[in-house]
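>>> Predicted model and sequence below, questions to follow.
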Amino acid sequence: MLYFNRTSGRNVPFSRLVCRAALLTLAWGMPLLSARAQPHPAEATASTSPPNIVILFTDDLGYADVGCFGAEGYETPNLDRMAREGRRFTSFYVPQAVCSASRAALLTGCYNIRVGITGALSHRSIIGINDEEMTLGELVKQRDYATAAIGKWHLGFQQKFLPLQHGFDVYFGLPYSNDMWPYHPGFAHLPLEEARQKGYPDLPLYSGNQVINPAVTPEDQTKLTTQYTEHALKFIDAHQHRPFLLYLAHSMPHVPLFVSEKYAGHSRRGLFGDVIEEIDWSVGQVLSRLRENGLEDKTLVIFTSDNGPWLSYGNHAGSAGPFREGKGTSWEGGVRVPCIMRWPGKIPADSVCDEMAITIDLLPTIAALVEAPLPDHPLDGRDIRPLIFGAENAKTPHEAFYYYWGNQLEAIRSGDWKLHFPHSYRSLTGTPGRDGKPDGYSQRKTDLALYNLKTDPGETTDLREQHPEVVARLQKLAEQARLELGDSATKQPGSGIREPGRL
């Protein structure tokens, strides 16, 4: 049975409305891939006044690109203060180290491969997020939240795939990456009109479902971080008296890098440092506006990135710190990202969580916090309130984490152990590019290899010969994942994969 949801403007299964308590106690799908959530500490339970949720999502920001995670050459005082007043997560993951895949996972609470979205959707893509998936926006709409998606979307650019059709009241931003335009370095040698034909068309800027700037220019890109921030502040002001979800997804520091006049030449690190300092300014503006409106103690703020750094861009790329490789790989540098969470009075100040957590955990966790029913299809995320609120002896609810690239299962982590399966990957083996032009990548291969991430976070020493029992255990877990999510390397189709939306 279906009912018509006036908020989303589409039919939704009636089962989403009934038995809220029962829905909140489901095993949440994939019982073989992850354990049930643990009991929650008293301070982690939802209150009678549901919290505001602010998710600050950056693009291609590496693990070591924030001051409190080891950045050098520029300052991030607002993010560092956020960490002092909140909690740093040092083992926080995205399910796949590329744009659309990462965003699909964040917004649905599922491995992106489950919802049928991999890679980075372009202006030629005819797929997007499926109407049957419940996004974070639709989740909190069940509790009458105001919702905004500001910045980069990248889950389909046709109207049926845009934010207003998927649970968000407000949308302002780019439909995909800021390098998907005629000025892309791969077509820079061509006349502009020829670049439009052979490469990318003009890059549009949206407000709601309408294109308000059909051809974003380099000058326009210098204003993006500021414009996104201004729209976020306006949204907070307009909804200070009711619960809201703000999803602010910055286009930066994805190349091409652009910064406003106020931060141009501001850092010792050059343009990349300037860009990060402006993002830090944006974080400070959001935190200040929450405080000015008396919302600090009512708001959970989450800061993280969609994947690791795009290393081939050299001085226009960030750093994965101690981790191997970067964006586009299943090595730790590609999928382990910085994460800070802050909620004064709820999250312990100046604390660190080393337990594994994933962006897919945010949807079920937010559902529990705001007491919203979960969707009636399987999720892969878990409620991580014990980790967020610092419950004593809290452990990750995931028995394993699965590293997919495209449709291929490339690695698996359980506890401190990570097993890579044989696969090819791009590696920065040459001299990286400079000033917006990429270089330095070559294709490499890894055989079956076992690493202890606690003692060897850089994945340098293969221990498979010394620990065959660990290899066997992880291989068994991987077989369970292949049955559910598939694996192109073994030609396993996967019984739990859902279709993306299609035109």
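Now that the structure is in, tell me what you want to look at.

>>> ok, then the element right after the host helix or strand of Glu469?
Using DSSP states H and E, the element containing Glu469 is helix 468-485. Using DSSP H and E, the helix or strand that directly follows helix 468-485 along the chain is strand 501-502.

>>> Give me the average confidence score over that next one.
For strand 501-502, the mean per-residue pLDDT is 98.

>>> try stretch 198-216
Here the average pLDDT along stretch 198-216 is 97.

>>> Give me the distance between the two termini of that stretch.
18 Å (CA to CA, to the nearest Å).

>>> What lies in contact with that stretch?
Stretch 198-216 is contacted by residues 122-123, 159, 162, 164, 170-175, 178, 180-182, 184, 186-187, 190, 196, 220 when judged by CB atoms under 8 Å, 6 or more residues apart in numbering. Just so you know, the C-beta spots here come from the backbone N, C-alpha and C atoms, and that holds for glycine as well.

>>> Now do the buried residues in it.
Gly199, Tyr200, Asp202, Leu203, Pro204, Leu205, Tyr206, Val216 (16 or more other CB atoms under 10 Å).

>>> again with stretch 166-182
Across stretch 166-182, burial judged by 16+ other CB under 10 Å covers 166-182.

>>> So which of those residues sit within strands?
Val170, Tyr171, Phe172, Gly173 (DSSP state E).

>>> could I get the residues you listed as a markdown table with pLDDT?
Converted to a markdown table, these look like this (pLDDT from 0 to 100):
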| residue | pLDDT |
| --- | --- |
| Val170 | 98 |
| Tyr171 | 98 |
| Phe172 | 98 |
| Gly173 | 98 |
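
>>> In these, find the pair that's most separated.
Largest separation among those by CB to CB: Val170 and Gly173, giving 10.2 Å.

>>> Can you check the distance spanned by stretch 175-185, start to finish?
End residues of stretch 175-185 are separated by 20 Å (CA to CA).

>>> hmm, who's touching that stretch?
By CB under 8 Å, 6+ apart, stretch 175-185 touches 59, 99-100, 120-123, 152-154, 156-157, 162, 192, 195-196, 199-204, 206, 216, 218, 221, 224, 251-252, 254-256, 258, 436-438.

>>> Kindly recompute the last result at 7 Å.
99, 120-123, 152-154, 157, 192, 195-196, 199-200, 202-204, 206, 216, 218, 221, 251, 254-256, 436-438 (CB atoms under 7 Å, 6 or more residues apart in numbering).

>>> And the buried ones among these, selectable in PyMOL?
Here is the PyMOL command that selects the buried residues among those (16+ other CB under 10 Å):
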select buried, resi 99+120+121+152+153+154+157+195+196+199+200+202+203+204+206+216+221+251+254+255+256+436+438
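
>>> In strands, which of the contacts of stretch 175-185 fall?
Per DSSP E, the contacts of stretch 175-185 map to strands at Tyr206.

>>> wait, what's in contact with Asn78?
By CB under 7 Å, 6+ apart, the contact list for Asn78 reads Asp280, Val283, Gly284, Leu287.

>>> Any buried residues in the helix or strand hosting it, and which?
Here Asn78 sits within helix 77-84, counting by DSSP H and E. Of the residues in helix 77-84, Asn78, Leu79, Asp80, Arg81, Met82, Ala83 count as buried by neighbour count, 16+ other CB under 10 Å.

>>> C-terminal to it, what's the next element?
The element immediately downstream of helix 77-84 (helix or strand, assigned by DSSP H and E) is strand 87-93.

>>> How about residues contacting that next one?
Taking CB under 7 Å, 6+ apart as the rule, strand 87-93 contacts 68, 304, 335-337, 339-341, 347-348, 351-358, 388, 390, 401.

>>> What number of residues are in the vicinity of the nearest residue to Ala349 once chain neighbours are set aside?
Spatially, and ignoring its direct neighbours in sequence, Ala349 is nearest to Glu85 (5.3 Å; CB to CB, 6 or more residues apart in numbering). Using other CB atoms under 10 Å, Glu85 is surrounded by 18 other residues.

>>> so what's the backbone phi/psi at Glu85?
The phi and psi torsions at Glu85 (degrees, to the nearest 10) take the values phi -90, psi 0.

>>> show me what contacts it?
By CB under 7 Å, 6+ apart, the contact set of Glu85 is Arg342, Pro344, Ala349.

>>> In a strand, Val211, correct?
Yes. Assigned with DSSP: H, G, I helix; E, B strand; the rest coil, Val211 falls within a strand.

>>> Checking the spatially closest residue to Leu474 that is not a sequence neighbour next. Helix, strand or coil?
Leaving aside its sequence neighbours, Leu474 sits nearest to Leu419 (CB to CB, 6+ apart; 4.1 Å). Classification of Leu419 by three-state DSSP places it in strand.

>>> and if you look at the one 5 residues further on?
Classification of Ser424 using three-state DSSP returns strand.

>>> Report the separation between it and Gly430.
17 Å (CB to CB, to the nearest Å).

>>> One more: Ser125?
Distance from Ser125 to Gly430, by CB to CB: 31 Å.

>>> who has more neighbours, the two?
Comparing Ser125 with Gly430 by other CB under 10 Å, the one with more neighbours is Ser125, at 20 against 11.

>>> Contact partners for the more buried one?
Residues near Ser125 by CB under 7 Å, 6+ apart: Gly156.

>>> ditto for Glu355
Glu355 touches Ser91, Leu387, Ala394, Lys395, Thr396, counting by CB under 7 Å, 6+ apart.

>>> Got phi/psi on the third one?
Taking degrees, to the nearest 10, you get phi -70, psi 140 for the backbone angles of Ala394.

>>> let's number from 54 now, not from 1
Got it, the first residue is 54 from now on, which makes the last one we talked about Ala447.

>>> Kindly state the pLDDT recorded for it?
Looking at Ala447, the pLDDT reads 98.

>>> burial count for the nearest residue to it once chain neighbours are set aside?
Among residues not flanking Ala447 along the chain, Pro439 sits closest, at 3.7 Å (CB to CB, 6+ apart). By other CB under 10 Å, 23 other residues sit near Pro439.

>>> Next: Leu217.
Leu217 is flanked by 18 other residues according to other CB under 10 Å.

>>> okay, it: pLDDT?
Listed pLDDT for Leu217 reads 98.

>>> how about it, what does it touch?
Leu217 touches Tyr224, Gly261, Asn262, counting by CB under 7 Å, 6+ apart.

>>> Gly374 too?
Neighbours of Gly374 in contact, by CB under 7 Å, 6+ apart: Tyr116, Ala117, Phe122, Gly123.

>>> And it, how close does it get to Gly386?
8 Å.

>>> measure Glu522 to Lys529 for me?
11 Å.

>>> Run a quick neighbour tally on Asp197.
11.
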